[in-house]
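> Output the structure for:
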Amino acid sequence: MNIMQKSQQGFTLIELVIVIVILGILAAVALPKFVDLKSDAQLAAVQGVAAAAASGSVTNYAAKLAGKASAVNVNAGNVCLDTYVTPLLTGGLPAGYTVGPTGVAGDGDCATVTRDSAKCLMSKDGVTAEFSLVCAR
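Here you go, the predicted structure:
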């Protein structure tokens, strides 16, 4: 009688160790890219609020041109203040965010007739993003 024998096949210990070492190397290379996502996310959040403020500024300027009474006058010297930006955003400025001038001479100013926009900085927890407010006279 011919009895068929089943042969067992599997991975050797060397093969398993090599696979584990390769996975360890890949994890060590990829891990720093995922750990730094927090700072990227914070920057994206600040840039998003800054872009919303800039967009609200343009909408406000259009409303001012159309003669809408609820439009905010943005024509003071330093308009890079929470008091000017908060009404431009639906729901106001999110908690923890601040607005200020960039620190460059002339930035943040809407008082001069020749100025069409003011450069401002949006910041939260030390992360900043620059944006422009359209001067609405």
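
> What segments of this structure are strands?
98-101, 117-124, 127-134 (DSSP state E).

> To residue 69, which of the ones you listed lies closest?
Closest to residue 69 of those is strand 127-134 (CB to CB; 18.5 Å). Just so you know, the C-beta spots here come from the backbone N, C-alpha and C atoms, and that holds for glycine as well.

> Buried residues of the biggest helix by length in the chain, list them for me.
Using DSSP state H to define each element, the chain has its longest helix at helix 37-65. The neighbour-count check on helix 37-65 (16 or more other CB atoms under 10 Å) flags 45-47, 49-50, 52-54, 56-57, 60-61, 64 as buried.

> looking at the strands of the chain, which is buried most?
Highest mean neighbour count of the strands of the chain: strand 117-124, a mean of 21 (counted as mean count of other CB atoms under 10 Å).

> That one - contacts with which helices or strands?
helix 37-65, strand 98-101, strand 127-134 (3 or more CB pairs under 8 Å, 6 or more residues apart in numbering; DSSP states H and E).

> how about JSON lines for these, with mean pLDDT and distance to residue 72 added?
Below are the helices and strands packed on strand 117-124 laid out as JSON lines (pLDDT from 0 to 100; distance: least, CB to CB, whole Å):
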{"stretch": "helix 37-65", "mean pLDDT": "92", "distance to residue 72": "5"}
{"stretch": "strand 98-101", "mean pLDDT": "91", "distance to residue 72": "14"}
{"stretch": "strand 127-134", "mean pLDDT": "92", "distance to residue 72": "10"}
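
> That concludes my questions; thank you for your assistance.
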